[in-house]
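>>> with the sequence up front, the predicted model follows.
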Amino acid sequence: MTGTEDLTTHLAALRDLLTRAKAMPMSASCVVNRAEAIALVDAATAAIPEQASTRPARAEAEAVLTQAKEEAAALVAREAIVQQAKVESERLMSDARNEADALRTETDAFVDSRMASFESVLHKTLSQVTLARTRLSQRSGLDDSQE
């Protein structure tokens, strides 16, 4: 039997003892065997500490609950840190993309200017080659013999 069942059994026996007790005429009082009543009260009292042993379990449950609340708060704090890290990483990625775009634009402008300069030199060289061929052709009559 558990402590609760013992206590309940003893209290039921005490109730039964009082119910079976001889009534006093013209009174609400009754005659009860003192030794038997005291024995039942003592037995019920002895059963109480067993039932009261649930108090440490309750304290343990409260400790577990407190620990769970602390862990939940820690998880919430970690989640806030994770969210903050995500926001910061998105900002850094955006900054990196913007910087990459700016570098790409700057590089394209530099390459375009170098190519434009090279194109200018090529045009000048082509003009000089064309002029030199024309003079050579005029001096030697090379175009006349090819016709």
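That came through, no problem.
>>> and the helices in this structure?
Using DSSP state H, the helices of the chain run over residues 3-20, 34-52, 54-140, 142-146.
>>> then the first one to CSV, C-alphas only?
Think helix 3-20. What follows is helix 3-20, C-alpha atoms only, in CSV (Å, rounded to 0.1, in the frame of the first residue of the first chain):
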residue,chain,number,x,y,z
GLY,A,3,1.1,6.2,2.0
THR,A,4,-2.0,7.7,0.5
GLU,A,5,-3.9,4.4,0.6
ASP,A,6,-2.7,3.8,4.2
LEU,A,7,-3.9,7.2,5.3
THR,A,8,-7.2,6.7,3.5
THR,A,9,-7.6,3.2,5.0
HIS,A,10,-6.9,4.5,8.5
LEU,A,11,-9.3,7.4,8.2
ALA,A,12,-12.0,5.1,6.8
ALA,A,13,-11.5,2.8,9.8
LEU,A,14,-11.7,5.8,12.2
ARG,A,15,-15.0,6.9,10.5
ASP,A,16,-16.3,3.4,10.8
LEU,A,17,-15.4,3.3,14.5
LEU,A,18,-17.3,6.6,15.1
THR,A,19,-20.2,5.4,13.0
ARG,A,20,-20.5,2.1,15.0
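>>> run through the neighbouring helices and strands of it.
Judged by 3 or more CB pairs under 8 Å, 6 or more residues apart in numbering; DSSP states H and E, helix 3-20 is in contact with helix 34-52. The C-beta positions use only the backbone N, C-alpha and C, and glycine is treated the same way.
>>> burial measure for Ala47, as a count.
Neighbourhood size, Ala47 [other CB atoms under 10 Å]: 21.
>>> hang on, it packs against Leu14?
No - counting by CB atoms under 8 Å, Ala47 does not reach Leu14; the two are 11.8 Å apart.
>>> hmm, back to that, make JSON lines out of the helices of the chain and add distance to Ala28 and mean pLDDT.
JSON lines is the format used below for these (distance: least, CB to CB, whole Å; pLDDT from 0 to 100):
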{"stretch": "helix 3-20", "distance to Ala28": "12", "mean pLDDT": "78"}
{"stretch": "helix 34-52", "distance to Ala28": "17", "mean pLDDT": "75"}
{"stretch": "helix 54-140", "distance to Ala28": "36", "mean pLDDT": "91"}
{"stretch": "helix 142-146", "distance to Ala28": "151", "mean pLDDT": "61"}
